[in-house]
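> can't give you the sequence, but here's the structure:
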């Protein structure tokens, strides 16, 4: 059985959406890079809930930064790799 403290710690450690003011659990990873600042293989990430995935993706895409959108589970299963941050 989980104690209230361990349940709160688990909830606090859950990845949350990157949208301003959103505290919802993240479901999506938006991989991006700014070619003026990053090498081509470098991938920065934003996390998104279902509600904000489209908005955040559009924001990055109109700037030419969006490289990939995958589920958080898929991203985590790929493990650390070169250029991922």
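Done, it's in. From a predicted model like this one, the values you see are computed outputs, not experimental measurements.
> is it true that residue 59 lies in a helix?
Yes - counting by DSSP: H, G, I helix; E, B strand; the rest coil, one finds residue 59 located in a helix.
> I'd say residue 70 and residue 28 touch.
Yes - at 7.2 Å, residue 70 counts as touching residue 28 under the criterion of CB atoms under 8 Å. Using the backbone N, CA and C atoms, a C-beta is placed for each residue, glycine as well.
> between those two, which one's more packed in?
residue 28 (23 against 15; other CB atoms under 10 Å).
> which residues does the more buried one contact?
By CB atoms under 8 Å, 6 or more residues apart in numbering, residue 28 lies in contact with 47-50, 53, 69-72.
> just the buried members of those?
Buried by 16 or more other CB atoms under 10 Å: 47-49, 53, 69, 72, out of the contacts of residue 28.
> follow-up on the earlier one: got the contacts of residue 28 as JSON lines, with pLDDT and distance to residue 59 columns?
As requested, the contacts of residue 28 are exported to JSON lines (pLDDT from 0 to 100; distance: CB to CB, whole Å):
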{"residue": "47", "pLDDT": "98", "distance to residue 59": "14"}
{"residue": "48", "pLDDT": "98", "distance to residue 59": "10"}
{"residue": "49", "pLDDT": "98", "distance to residue 59": "15"}
{"residue": "50", "pLDDT": "97", "distance to residue 59": "16"}
{"residue": "53", "pLDDT": "98", "distance to residue 59": "11"}
{"residue": "69", "pLDDT": "97", "distance to residue 59": "12"}
{"residue": "70", "pLDDT": "97", "distance to residue 59": "17"}
{"residue": "71", "pLDDT": "97", "distance to residue 59": "19"}
{"residue": "72", "pLDDT": "96", "distance to residue 59": "19"}
